[in-house]
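S.K.: with the input below, show me the fold.
(chains A and B)
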Amino acid sequence: NAGVMQNPRHLVRRRGQEARLRCSPMKGHSHVYWYRQLPEEGLKFMVYLQKENIIDESGMPKERFSAEFPKEGPSILRIQQVVRGDSAAYFCASSPTGGTGEQFFGPGTRLTVL
Amino acid sequence: AQRVTQPEKLLSVFKGAPVELKCNYSYSGSPELFWYVQYSRQRLQLLLRHISRESIKGFTADLNKGETSFHLKKPFAQEEDSAMYYCALRSNYQLIWGAGTKLIIKP
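M.R.: Next up is the predicted model:
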């Protein structure tokens, strides 16, 4: 089992461009979580998805950010019209069950907005 | 408000010395707490959780509800313990994280 995969590992965008971050959960896991880590801070929850459903997006900014986890393929975190404040590390985690299941983390995507 | 506080950004101790990484929490319910570790160039991984009451790599952590703490301890530090350590609290399916403590073990 290759573990949670995230790509790209590093992404550079100019202000106003779009950023797409991908997360492939571990085999057999149907629950995906996205977290953001700003410099010098802990991770902050953004969104929790199951296949084809957003369960909780309470941590995600209302504008410019969206997430999906289609029936086939990876989960995508999309940031439109990026701003410098979006520069951060974005981590994806997956679990076989929701709620009390252990979350396994990917290596993260480091987004830099110029 | 639900919060996890790790008061030390950096902790440096000599090899063989005891280690204690502090974690305090604020939660209006029965907490479920974790310690995660991130070694250099590796991904975050679960070190231990309070409900399992286990010792991993010589580390232990006891939940103290009176002091709302979940400090991570090891009696004799080893150089390979150098890493970032994060304390986290589960609230439904979210994990609420402390800012992390960088542990450096000096030879």
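
S.K.: would you map the strands across the chain?
M.R.: If you meant another chain, say so; for now it's chain A. Using DSSP state E, the strands of chain A run over residues A:5-7, A:10-13, A:19-24, A:31-37, A:43-50, A:53-56, A:65-68, A:75-79, A:88-95, A:104-105, A:109-113.

S.K.: chain B is the one I meant
M.R.: B:3-5, B:10-14, B:19-21, B:24-26, B:32-38, B:45-49, B:60-61, B:72-74, B:83-91, B:94-97, B:101-106.

S.K.: which residues sit in contact with the closest residue to A:Phe65 other than its chain neighbours?
M.R.: Leaving aside its chain neighbours, A:Phe65 sits nearest to A:Ile79 (5.6 Å; criterion: CB to CB, 6 or more residues apart in numbering or on different chains). Where C-beta positions appear, they are placed from N, C-alpha and C, glycine not excepted. Listed by CB atoms under 8 Å, 6 or more residues apart in numbering or on different chains, the contact set of A:Ile79 reads A:18-21, A:64-65, A:86, A:111.

S.K.: could you pick out the buried ones from those residues?
M.R.: A residue is treated as buried here by neighbour count (16 or more other CB atoms under 10 Å in any protein chain shown); on that basis the buried members of the contacts of A:Ile79 are A:19, A:21, A:65, A:86, A:111.

S.K.: contact residues of chain A facing chain B?
M.R.: Counting by CB under 8 Å from any CB of the partner chain, chain A comes close to chain B at A:3-4, A:31, A:33, A:35, A:40-45, A:48, A:55-56, A:59, A:91, A:98-100, A:102-103, A:105-108.

S.K.: need the strands of chain B in a markdown table with mean pLDDT, can you?
M.R.: As requested, these are arranged in a markdown table below (pLDDT from 0 to 100):
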| stretch | mean pLDDT |
| --- | --- |
| strand B:3-5 | 95 |
| strand B:10-14 | 97 |
| strand B:19-21 | 97 |
| strand B:24-26 | 96 |
| strand B:32-38 | 94 |
| strand B:45-49 | 91 |
| strand B:60-61 | 93 |
| strand B:72-74 | 96 |
| strand B:83-91 | 94 |
| strand B:94-97 | 92 |
| strand B:101-106 | 97 |
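
S.K.: chain A is nearest to which of those strands?
M.R.: strand B:94-97 (3.4 Å; CB to the nearest CB).

S.K.: just the buried residues of stretch A:6-24, please?
M.R.: A:6, A:11, A:13, A:19, A:21-24.

S.K.: for stretch A:22-31, same thing?
M.R.: Result for stretch A:22-31 [16+ other CB under 10 Å]: buried residues A:22-26, A:29-31.

S.K.: same deal with stretch B:81-101?
M.R.: Burial within stretch B:81-101, assessed by neighbour count using 16+ other CB under 10 Å, is assigned to B:81-83, B:85-90, B:93-101.

S.K.: among those, which are in reach of chain A?
M.R.: Contacts with chain A within the buried residues of stretch B:81-101, counted by CB under 8 Å from any CB: B:86, B:88, B:90, B:93-100.

S.K.: and the residue of chain A nearest chain B?
M.R.: The minimum distance from chain A to chain B, using CB to the nearest CB, falls at A:Gly42 (3.4 Å).

S.K.: find the nearest non-adjacent residue to that residue, please.
M.R.: Once chain neighbours are set aside, the closest to A:Gly42 by CB to CB, 6+ apart is B:Trp97, at 3.4 Å.

S.K.: give me the pLDDT for A:Ile76.
M.R.: A:Ile76 is assigned a pLDDT of 98 by the prediction.
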